[in-house]
Structure formats: structure tokens, C-alpha cells
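**Student:** no sequence on this one, just coordinates:
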């Protein structure tokens with residue numbers, strides 16, 4: 001990429017996502033080629049590496065995300081997608097205080113015209129949006145669905161606006177209003193189901209979403 005870039009121009013290397021070793025590789029590539037460039041690293045789920053148990057091997061420990069981010073470098077900036085995550089990062093690694101920026105997570109606004117106010121009525125529809133993962137709180141969502149369905153029957157519906165993961169047992173989802181499926185959910189079906197909800201319920205787990213944005 002550096003070899004293909006125009007000579008004599010100030011460059012910016014932008015990582016949509018990056019591991020600690022990718023950050024080091026970018027810095028090394030600049031040093032070897034003699035090019036000058038800024039490096040901007042987007043931090044999504046990979047920022048959770050900061051919460052992982054660190055290796056006792058001093059070499060591997062020096063290469064992990066916490067070590068790399070604790071060594072600030074001129075021209076290297078980090079980008080988070082929620083202001084709260086930037087604040088968490090500054091608290092965990094003070095060395096990043098002057099190297100972290102934040103912008104809102106990009107959301108597709110072209111479909112907003114399809115939205116219409118939905119009056120409260122029965123059945124009341126409550127949905128979990130996205131993949132049915134433990135980090136997103138799928139077990140708590142399913143348990144809530146079971147309890148509320150037992151109490152209120154058809155007066156309330158719980159919906160998954162998304163799909164299940166490969167090893168998940170579809171029988172777990174028997175209290176939901178729609179059959180669940182693995183793999184990609186077609187966008188038209190996703191939007192239609194999302195627009196039918198009265199409430200979105202996301203019991204997000206801090207073990208993942210403390211340092212990860214939720215779209």
C-alpha cells in the first residue's frame with residue numbers, strides 16, 4: 001500500500017480494525033520505507049483485548065494491546081465510536097488521553113422514511129436486535145420471554161430481529177413469536193420485523209459492550 005501511494009504526499013493509514021501487532025507492523029513499515037504518514041486505528045470489538053488475561057511471557061506481553069497502547073507515538077491516533085468508550089479507555093490507559101478521538105457509530109439513515117409511529121396495543125412486541133449472542137444478553141432475553149409468556153400469554157410477543165449462531169439449539173427459542181434461522185437475515189425481513197416492535201430490549205453484557213459500540 002505504501003509503495004502504491006503517490007510520492008511526496010503526506011499519507012494517512014486508516015485501519016477499520018486492527019490488532020496490536022498490526023499497529024506495530026504499520027509503524028515498522030513506515031520506518032523501513034522512510035515514508036511519513038499518520039496512523040489512525042479504529043477500535044471496535046478488538047479493544048476488548050485490554051480486558052483479556054495477559055501472557056506471562058515478557059515478549060508476548062510487550063506485544064499485546066495494553067502494552068502497545070501504553071506507548072504513545074507521534075502521529076498515531078485511536079478512534080472509538082462512542083464517547084463513553086473513549087472515556088473508559090482514557091481511564092484504563094492514561095497514556096492514550098491525548099491520542100483518542102471519538103465519532104458516533106455510522107448508522108444507515110436512508111431507511112428512516114419507512115418508520116411510522118406505532119401505537120401501543122396487543123400483542124405488545126418486544127425485540128432483541130442483532131445476533132443472538134451471550135454478550136448481547138440472549139439468555140436473559142429468552143428467560144424474560146418465557147416468564148412473560150407464562151404470565152400474559154398471547155398479549156405479549158418477543159421477537160428476535162436477527163439470526164442465531166451455528167451451534168445454538170433452535171428449541172431454546174420456542175417462546176419467541178417467529179421461527180429463528182441461522183445465517184444472514186434478509187434486509188427487507190429485518191426492517192419489517194424491526195418496524196413492528198413497540199420496544200427494543202438489549203440486556204448487553206459489560207464484558208463485551210463496555211468497550212464495544214452497539215449499532
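**Tutor:** Cool, the structure landed. In this text the structure is predicted, and so the values were computed from the model without any measurement.

**Student:** Spell out, range by range, the helices that occur in the protein.
**Tutor:** 20-33, 58-62, 65-69, 83-92, 138-152, 187-195, 206-209 (DSSP state H).

**Student:** Quick one: closest of those helices to residue 114.
**Tutor:** helix 187-195 (6.3 Å; Cβ to Cβ). (Each C-beta comes from the backbone N, C-alpha and C, glycine too.)

**Student:** tell me the mean pLDDT over that closest one?
**Tutor:** Per-residue pLDDT over helix 187-195 has a mean of 91.

**Student:** mind listing what's buried in that helix?
**Tutor:** Buried residues in helix 187-195, defined by neighbour count with 16 or more other Cβ atoms under 10 Å: 190, 193, 194.

**Student:** Repeat that for stretch 146-159.
**Tutor:** 148, 149, 156, 157, 158, 159.

**Student:** Out of the residues you listed, which is nearest to residue 75?
**Tutor:** Each of the buried residues of stretch 146-159 was checked against residue 75 using Cβ to Cβ; the closest is residue 159, at 46.9 Å.

**Student:** any weak-confidence spans in the chain?
**Tutor:** 215 (pLDDT under 70).

**Student:** Highest mean neighbour count out of the helices of the chain?
**Tutor:** Here the criterion is mean neighbour count by mean count of other Cβ atoms under 10 Å, and of these the winner is helix 65-69, at a mean of 20.
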